[in-house]
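In: Any chance you could fold what I've pasted below:
(chains A and B)
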Number of protein chains: 2
Amino acid sequence: MSIVVMKFGGTSVANADRIRAAAKRAIDTRNAHHQVVMVVSAMGGSTDELVSLAAQITDNPPKREMDQLLATGEQVTISLVAMAMEAMGSPAISFTAGQIGIVTDDVHTKAKIKSIDVQRLRAALDAGRIAIVAGFQGVTESGAITTLGRGGSNVTLVAIAAALGADVCENYTDVDGIYTADPRIVPNARKIEVISYDEMLELASLGASVLHSRAVEFAKMYNVPIHVRNSQNKKKGTMIVAETESMERVVVSGVALKDKLARITLRNTPDRPGVAASIFQTIATNRIVVDDIIQTIADNKKATVAFTVDIAELPETKRVVEQLCIDLDCEAIIEDRLAKVSAVGMGMRAHTAVAERMFAALAAGKINIQNITTSEIKISALIDRGDGPRALQLVHDAFDLGKAPSKPARKRAARAAGKSKK
Amino acid sequence: MSIVVMKFGGTSVANADRIRAAAKRAIDTRNAHHQVVMVVSAMGGSTDELVSLAAQITDNPPKREMDQLLATGEQVTISLVAMAMEAMGSPAISFTAGQIGIVTDDVHTKAKIKSIDVQRLRAALDAGRIAIVAGFQGVTESGAITTLGRGGSNVTLVAIAAALGADVCENYTDVDGIYTADPRIVPNARKIEVISYDEMLELASLGASVLHSRAVEFAKMYNVPIHVRNSQNKKKGTMIVAETESMERVVVSGVALKDKLARITLRNTPDRPGVAASIFQTIATNRIVVDDIIQTIADNKKATVAFTVDIAELPETKRVVEQLCIDLDCEAIIEDRLAKVSAVGMGMRAHTAVAERMFAALAAGKINIQNITTSEIKISALIDRGDGPRALQLVHDAFDLGKAPSKPARKRAARAAGKSKK
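Out: Have a look, this model is predicted:
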């Protein structure tokens, strides 16, 4: 009897009907001779209500108390899901993070899991029960409740699957899986059958929002396959797995668009060792998250340093940069209407013409490239925000992503996905 | 530095403004050089919302899951109260029952407290913090969340006060204290300054709703004085304390009315040993709570057995009694428009004319007494429900309860209440 760990997000448990549907899905999986652990988020909207309650009290709640408050959201869901299962005649038991010892560090609101004591979970499964676990939360060694930050429920999903040695973890969402591009922008985007952890990590950091990169990093570390699938249908979704040799055939797996970027260019900074370091240290001290850093060649004892940030970070960035320009006697140019289009694929490592093909596609569309950044498995181009959707479509089609993959790739995907077949 | 344990019920923490007011009250107490523990209930209305969520899922939720669900209500309040205190610049920390080891048995929805590990509570107090504790809940030795049933938050209040050896516990409500009668019925009812545990227990079981008898029993067992007072003003309330010799001066402390009673009379039951036992065993097996049992003399080998129940119990009682009448070949008479007026006072033990005075008052009002029950410190008369409010007023005035008590009694009250003076 194999173990399946399933996770349902907030929209999949937003009301009594959806809770029953999610419970039914887990029971079906159990009836197919699996032991089932179900991780759930707070009911859609309920976290916002709790945040609003806190906001009525104070603008600056202590993080420990915020975690104590927010953790009630998942606790409500687990008990309701367990009730729904029992009402359907299926033995179930709910667990808060504390009750199954999901121990984290004490960094409230973005804690990291240190260990999971699976003894109680295994006992429940061995007693024939479905175990329902509160996602997004943990408990410190001294018993304080913590939360895991953005994407936290998926981190819980993967951590429990890893701790139990589950064959697969299933991430139920409201889409069919990971797509070659955002289907709302690129109509001929295709569902990807199988993708590597590294590619998924790049896509997640470049704008694909289905899965937060923290959960993928965790899955990669413990080599737990994630099956991203739709809670509304029974279709196979996307398998996120460790890289295999046969994957190399796919040059580009997907493309992504990150809009709402701003670029800050610092001109005439002193060209001496340590200046760039001090600039980015100041920025980090002010907790500004930098997207990309762009270094350019020094000229006449003066250097140009540029970086991009999400425009949500712009007000704070402007404040910090103004002071930097006074301290370093340099000037700042801020462009706030930029976007970044990226192509991601492991095949890039073995193929040289990838960048060329991407730039040619953008050039044919008369889209000006303002900047280029690359990693081993991705190429990104900074462009005007207005060109973003069109650029995404052009790059998507330049790599034929709208067409079904070649036969060997499909076979491999089928093999990988088969592990979670019910 | 003495320890004060304060409890605020659901209406006193029903919204952000009231939470701030309650927090302010605790901070004031702390600033008067006390160490303060605050026990809070779920925000008024929130428990009903959770119950309604469960009802949307199932009519018959597993009790363990119901407790897991309901306990979130108090967890929300404790975190918000701690936030409010911190926002006012006063160090605070919230604790669920699990976090301070309020260990109970595993009788879900009406668990009993077995022990409290006060180490963490003391550490918080010694660090200069106000500790905010979730009322109404506990945790089993194996980590399951329990709730304490009706009056549970007051049980938490008294249990913590006992465990910490607090000088007094303060029960904040929306009334000024315990009254000689319900002031909504008897306009000249007077606030009682001091009352014994035993008198309070009788009043609570006879219809006074301010304090549930479980908490009073607990307070009596550990000899913790309870100060019942109003969260909206600074007046001294009512001290509930152990009996002292000087209390004997007060013949009757208060009167109470329990309306909505029904009497079931079983006529022509077999007059042989064990019949009454089997009748009440059947009733107990069906979880019907009996108010009073009335035994009458057997006549011609047939006996009459009667008992009273709250009319909420009547439908189930009728069902059980119908079957009993078939089994025992007897007949049942059901009267469902009755009420019970009672006088309570320790002085009864030393005074013989108390019953006479009460019956004379009712007779003067032409109120027919249908039945009489007594204990060492109370006399109850069963009457027509329509006569209830008038009977309460008559008995109240027959014992001069509307007038201020004699001087020695007042002095004693002032001494007892002074223990919680701020």
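In: From now on I want contacts and neighbour counts done on CA atoms only, so please keep to that.
Out: Fine.
In: Would you tell me which residues of chain A are close to chain B?
Out: With Cα under 8 Å from any Cα of the partner chain as the criterion, chain A meets chain B at residues A:16, A:20, A:53-54, A:56-58, A:60-62, A:65-66, A:68-69, A:72, A:75-76, A:79-80, A:82-84, A:86-87, A:93-94, A:99, A:143-144.
In: Now, those residues that are in helices?
Out: Residues of these located in helices (DSSP state H): A:16, A:20, A:53-54, A:56-57, A:65-66, A:68-69, A:72, A:75-76, A:79-80, A:82-84, A:86-87.
In: Which of these are buried? Put it as a ChimeraX command.
Out: Burial among those is assessed by 16 or more other Cα atoms under 10 Å in any protein chain shown; the matching ChimeraX selection reads:
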select /A:16,20,53,54,57,65,66,68,69,72,75,76,79,80,82,83,84,86,87
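In: give me phi/psi at the residue in the stretch 301-422 of chain A that chain B sits nearest to?
Out: Chain B sits closest to A:Glu316 of the stretch 301-422 of chain A, with a gap of 24.4 Å, by Cα to the nearest Cα. The phi/psi pair for A:Glu316 (degrees, to the nearest 10) reads phi -70, psi -40.
In: Give me the phi and psi for the closest residue to it other than its chain neighbours.
Out: In this structure, A:Glu316 finds its nearest non-sequential neighbour in A:Ile288, 7.5 Å apart by Cα to Cα, 6 or more residues apart in numbering or on different chains. Phi and psi for A:Ile288, reported as degrees, to the nearest 10, are phi -90, psi 130.
In: how close does A:Ile288 get to B:Leu201?
Out: Distance from A:Ile288 to B:Leu201, counting by Cα to Cα, to the nearest Å: 62 Å.
In: now swap in A:Ser90 and tell me
Out: According to Cα to Cα, A:Ser90 and B:Leu201 sit 44 Å apart.
In: Just grab the bridge partners of A:Ser342 for me.
Out: A:Ser342 has these beta-bridge partners by DSSP bridges: A:Ala256, A:Ser380.
In: How about the contacts made by it?
Out: A:206, A:255-257, A:378-381 (Cα atoms under 8 Å, 6 or more residues apart in numbering or on different chains).
In: can you give me the offset of the host helix or strand of A:Glu170 from its chain's centre?
Out: Using DSSP states H and E, A:Glu170 falls within strand A:168-173. In terms of Cα atoms, centre = their mean, to the nearest Å, the centre of strand A:168-173 is found 13 Å from the chain centre.
In: pLDDT wise, what is the residue of the stretch 301-422 of chain A closest to chain B at?
Out: We have a pLDDT of 90 for A:Glu316.
In: burial measure for it, as a count.
Out: Neighbour count for A:Glu316, taken as other Cα atoms under 10 Å in any protein chain shown: 14.
In: Quick check: buried residues in stretch A:114-125?
Out: Neighbour-count burial for stretch A:114-125 [16+ other Cα under 10 Å]: A:116-117, A:121-122, A:124-125.
In: A:Thr58 and B:Ala82 touch, don't they?
Out: No. Contact between A:Thr58 and B:Ala82 fails when scored by Cα atoms under 8 Å: they sit 10.6 Å apart.
In: Compute the number of surrounding residues for A:Arg229.
Out: A:Arg229 has 22 neighbours, counted by other Cα under 10 Å.
In: what residues are up against it?
Out: The contact partners of A:Arg229, taken as Cα under 8 Å, 6+ apart, are A:170-177, A:235-238.
In: Would you mind checking the average pLDDT for the helix or strand where it lies?
Out: Element membership of A:Arg229 [criterion: DSSP H and E] is strand A:226-230. For strand A:226-230, mean pLDDT rounds to 94.
In: Can you list the buried residues in the helix or strand harbouring A:Met6?
Out: Counting by DSSP H and E, the element that carries A:Met6 is strand A:2-8. For strand A:2-8, the buried set under the neighbour-count rule, 16+ other Cα under 10 Å, comprises A:3-8.
In: repeat for stretch A:312-321
Out: Within stretch A:312-321, the residues that count as buried by 16+ other Cα under 10 Å are A:313-314, A:317, A:320-321.
In: again, but for stretch A:83-98
Out: For stretch A:83-98, a neighbour-count test (16+ other Cα under 10 Å) marks A:83-87, A:90-98 as buried.
In: Any regions of chain A where pLDDT drops low?
Out: A:245-249, A:297-299, A:405-422 (pLDDT under 70).
In: Enumerate every residue touching the most centrally placed residue in it.
Out: In chain A, the centroid-proximal residue (Cα atoms, centre = their mean) is A:His212; its distance is 1.2 Å. Residues counted as contacts of A:His212 (Cα under 8 Å, 6+ apart) are A:150-151, A:154, A:204.
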